[in-house]
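Chemist: need a structure here:
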Amino acid sequence: MARASVICDCAQIRDPTLATIDQLARLALAARQLGCEVHLRHANAALLELIELAGLAEVLRVEVEREPEQGEQPRGVEEEGELTDPTL
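Modeler: Down below sits the predicted model:
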């Protein structure tokens, strides 16, 4: 049986502290007790580092959105070019 998921949008968490991590861990525990799991979305690098430091990476599941690498176009963006251009 699939577990229900709770998505926690962390986009507004600018300067996370250990108290932030504590609250997220408590949320995850309460959700687990109700048969749900919590997934964090839009977590910034500082939040990810604190989660790792606290050893809660597996408990606080984070949906990582891959940033395009240098020189790479973001997904969904195509280069323009002439149809007769053999390099495309």
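
Chemist: And the strands in the protein, which stretches?
Modeler: For the chain, the strands defined by DSSP state E cover 4-9, 36-41, 61-63.

Chemist: rank those by pLDDT, which is bottom?
Modeler: With a mean of 73, strand 61-63 has the lowest mean pLDDT of these.

Chemist: Redo the strands of the chain as a markdown table? Include mean neighbour count and distance to Gly55.
Modeler: (Each C-beta comes from the backbone N, C-alpha and C, glycine too.) Listed next are those as a markdown table, based on neighbours: other C-beta atoms under 10 Å; distance: least, C-beta to C-beta, whole Å:
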| stretch | mean neighbour count | distance to Gly55 |
| --- | --- | --- |
| strand 4-9 | 13 | 19 |
| strand 36-41 | 16 | 15 |
| strand 61-63 | 16 | 14 |
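
Chemist: Using TSV, please lay out the ones you listed together with distance to Ala54.
Modeler: Output for the strands of the chain, formatted as TSV (distance: least, C-beta to C-beta, whole Å):
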stretch	distance to Ala54
strand 4-9	16
strand 36-41	13
strand 61-63	13
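
Chemist: Can you tell me which of those strands is nearest to Ala25?
Modeler: strand 36-41 (9.4 Å; C-beta to C-beta).

Chemist: What is the closest one packed up against?
Modeler: Counting contacts by 3 or more C-beta pairs under 8 Å, 6 or more residues apart in numbering; DSSP states H and E, strand 36-41 is packed against strand 4-9, helix 18-33, strand 61-63.
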